[in-house]
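> sequence and computational prediction follow.
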Amino acid sequence: MRVVLSGAGWLACAAAFLLLIQQPISVNAQWVIAMTALGVAAAIYALRLGGTWRFIFLAAASVVILRYAYWRTTATLPSTEDLINFVPAIILYGAEMYCLLMLAMSLFVAADPLERSRAPQYPDNDLPSVDVFVPSYNESSDILALTLSAAKGMDYPADRLRVHLLDDGGTDEKRLSRNPAIATAALRRHEELKDLCRDLEVTYHTRVANVHAKAGNLNNGLSRSSGKLIVVFDADHAPAREFLRETVGFFLTDPKLFLVQTPHFFANPDPLEKNLSTFKRMPSENEMFYGPIQKGLDKWNAAFFCGSAAVLRREALAQVGGFSGISITEDCETALDLHSRGWNSLYVDRPMVTGLQPETVSSFIGQRSRWCRGMVQILLLKNPAFRRGLSLPQRICYLSSMMFWFFPFIRLIFLISPLLFILFDLKIFDASVDEFISYSITYLCAGELIRNYLYGRVRWPWVSDLYEYVQSVYLARAVISVLINPRRPTFNVTAKGQTTDKEHLSELAWPYFAIFGVLLFVMGVAIYRFQTEPAISGMLLVVGAWNLMNLIVAGAALGVVTERMERRQSPRLLAMRKGDLCIGGATVPVAIEDVSLGGAKVLALGPVPEGLVRENARLLIYPLSGGKEIGSLPVAIQSLVTSEEGLGLGVRFKAALQHYHLIAELMLADMEPVREQRSKRRRMRGILGGSLAFIGWGISYPLRAFHHLIFDRDEPKAKGAEPAGLEAAFPTSAPTSSRIS
């Protein structure tokens, strides 16, 4: 009865709220209402109030947004008899209503994210058996050795943990190929990885052919293993020691739990972070999804499998025939199938893996194209709105995640719309300047307040617009291809670990220059018309400002597609632990500050002997808790740097296979320094400060980009294969980079 009364109360409040929203009022009254609501929201935002105030904030901002939606629907569309204006007007209106729908669904998801306590801890004898799957295509053996060593080193009873390498690069089909180059490479890889797995005491699997891509590879692993729980790590996702202790306990408390998903943490910057030099100070792009969004999905039992860094129950997978392979995003599709069967999922917001993400614009676009096509595939082939077994909140959550990927069309519509008025004088927005300011400007302010209030710690102002614009230029084609033929897309791996020896323009850069040029020309036309046509100067000012915003985003994007030099193939993780550096006959205590797959930076805590022998040194490694050394790494001293803290030494590992467990120990035994670094990057930047910084990007980066466009003549030398041009965004075959997932 209490639930019924509560629901009735909410419905009554909602009905009264909507009734008030629809009341016809003057422009001045609208201005007063909007500014009052924004004042309440801004005060809550400025004071960083949470709890009940969070819902008051959302209610106040919603008044402004819904007033705009009602006005936009009832008072701004041109007559249907005027088709020249009405057709583009209704397209723009549809794009805006899509944005409002997505805003409503995102608020439903993220309004009250769930904060989970630590996983229950059980005695070793009570823990279930676990199979760890590391699917691989053509990653190098050093990457695989680190991930497999880290997986083997996880804190879990040894008799209940088995690690499997699932090699899709050495299949029978490849080894027996009629192409001698393919056959030779596959055979060499097959033998190399079999030896690697034997030495690491890991089980090696391959299969007859690459059927159903990653899903087929994982299902092959299922058929050859028996553990009650399945853990999936991408080949470049090395796990921390505590991973199983922080996840497995949940399965013992909920027999209907099929998934525990954890965040993907990346040690290297994506193209935007690298090319705009924001990696060390700005929250990463994935922080928004692996923070408030996944925790919001978790509240509604809708957190879904993200392909890696996750634990799944074999019994649940068996019910649906294993990992789903109809779409090219097998992870979300599998979760949808299991949620519709009544199984539960949960999300643990604790980074416990470190991986690689695409470093170049072309590989980044290629990865997002696959995600985009896969999610649209699921929407068309397994639409959650009509999927039996899902709750209403689960339907909303899945629809929010899938419908988001139509943003390329929306971005392009918003890009083109102001041009229609400035260049062709089309009246696609029938409103006075006063109405536009009192409704539209206040609506935009409310939207930005909501975005910064809910996501400010994980996303700076306007950065979402930049990410979406950069992707939209190429992803619109990806969406169209799926709409035409939902079953056509095929799985393509993402190239990673690519480096270049000089700064250069991406091979995908030309459309961004073309769009920037068009917007700049239109800006000139708007200024000219503003000076010569005073009758429409007010509306030209408004539409010109809209075009200026687009121009600033397009300018910042030119910085993104100007690839900075990057020679380091192995990103470094903070370590903060003690060791000893043995140089000749002397032993120097050191603090190990950061570690990569190839080397480390250490700080000498004692005197360093003169006449340093650089090539024959050893780094002794001790347990985190202290005690006797657990091993030593042969190293070569590469550099010496004196600072206020003391003498820093850069050392290069001269590692053989038997040393990779020590490198994994240094990098992943304690990820607390990494989590602290992630926490420091999660700092909120205010709307004003963030907007000014973004405007600075939009002004300064085009200068750098045009300099390269005019003066660059030599092709950059790249390390690591990278598909060129549109083929990178929509590859038809797998690239040959050594680091992919």
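Cool, the structure landed.

> where does the chain have low pLDDT?
Residues of the chain that meet the criterion pLDDT under 70 lie in 1-18, 489-501, 567-569, 611-613, 713-741.

> longest helix in it, please.
When the chain is parsed with DSSP state H, its longest helix is helix 83-110.

> pull the distance from that one to the chain's centre.
With CA atoms, centre = their mean, to the nearest Å as the basis, helix 83-110 stands 25 Å off its chain's centre.

> listing partners with orientation, what would you give for the helix or strand that that helix is followed by?
Remark: after helix 83-110, the chain's next helix or strand is strand 130-136, criterion DSSP states H and E. Applying DSSP bridges, strand 130-136 is found paired with strand 161-167 (parallel), strand 229-232 (parallel).

> can you put these in CSV and add mean neighbour count and distance to D337?
Backbone N, C-alpha and C define where each C-beta goes, glycine included. What follows is the strands paired with strand 130-136, written out as CSV (neighbours: other CB atoms under 10 Å; distance: least, CB to CB, whole Å):
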stretch, mean neighbour count, distance to D337
strand 161-167, 24, 21
strand 229-232, 24, 15
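
> now those strands as a markdown table including distance to G686?
Shown next, in a markdown table, are the strands paired with strand 130-136 (distance: least, CB to CB, whole Å):
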| stretch | distance to G686 |
| --- | --- |
| strand 161-167 | 47 |
| strand 229-232 | 39 |
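
> just to revisit the earlier point, buried ones in the longest helix of the chain?
Buried residues in helix 83-110, defined by neighbour count with 16 or more other CB atoms under 10 Å: 85-86, 88-89, 92-93, 95-96, 98, 100, 102-110.

> equivalent analysis for stretch 426-434, please.
Of the residues in stretch 426-434, 426-429, 431 count as buried by neighbour count, 16+ other CB under 10 Å.

> same thing with stretch 380-394?
Neighbour counts over stretch 380-394 (16+ other CB under 10 Å) mark 382, 384, 387, 390, 394 as buried.

> which one is the fourth one nearest to, not counting chain neighbours?
Spelled out, that is L390. S340 (5.3 Å; CB to CB, 6 or more residues apart in numbering).

> correct me if wrong: that neighbour contacts R387.
Yes - counting by CB atoms under 8 Å, S340 touches R387, with 5.0 Å between them.

> thinking again about what came up before, what packs against the longest helix of the chain?
When contacts are defined as 3 or more CB pairs under 8 Å, 6 or more residues apart in numbering; DSSP states H and E, helix 83-110 packs onto helix 52-75, helix 294-299, helix 392-403, helix 407-424, helix 442-455.

> repeat that with 7 Å
helix 52-75, helix 294-299, helix 392-403, helix 407-424 (3 or more CB pairs under 7 Å, 6 or more residues apart in numbering; DSSP states H and E).

> in PDB, list the C-alpha atoms belonging to the longest one.
Looking back up the chat, that one is helix 52-75. Output in PDB follows, covering the C-alpha atoms of helix 52-75 (Å, rounded to 0.1, in the frame of the first residue of the first chain):
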ATOM      1  CA  THR A  52      17.800  15.700  -1.600                       C
ATOM      2  CA  TRP A  53      19.200  19.000  -3.000                       C
ATOM      3  CA  ARG A  54      20.300  16.900  -6.100                       C
ATOM      4  CA  PHE A  55      16.700  16.300  -6.900                       C
ATOM      5  CA  ILE A  56      15.700  19.900  -6.200                       C
ATOM      6  CA  PHE A  57      18.400  20.900  -8.600                       C
ATOM      7  CA  LEU A  58      17.200  18.600 -11.400                       C
ATOM      8  CA  ALA A  59      13.600  19.700 -10.800                       C
ATOM      9  CA  ALA A  60      14.500  23.400 -11.100                       C
ATOM     10  CA  ALA A  61      16.600  22.800 -14.300                       C
ATOM     11  CA  SER A  62      13.800  20.700 -15.700                       C
ATOM     12  CA  VAL A  63      11.300  23.600 -15.500                       C
ATOM     13  CA  VAL A  64      13.500  25.600 -17.900                       C
ATOM     14  CA  ILE A  65      14.000  22.600 -20.200                       C
ATOM     15  CA  LEU A  66      10.300  21.600 -20.400                       C
ATOM     16  CA  ARG A  67       9.200  25.200 -20.800                       C
ATOM     17  CA  TYR A  68      11.500  25.300 -23.800                       C
ATOM     18  CA  ALA A  69      10.200  22.000 -25.200                       C
ATOM     19  CA  TYR A  70       6.600  23.200 -25.000                       C
ATOM     20  CA  TRP A  71       7.400  26.600 -26.600                       C
ATOM     21  CA  ARG A  72       9.500  25.000 -29.300                       C
ATOM     22  CA  THR A  73       6.700  22.600 -30.200                       C
ATOM     23  CA  THR A  74       3.800  25.000 -30.100                       C
ATOM     24  CA  ALA A  75       5.200  28.400 -31.200                       C
END
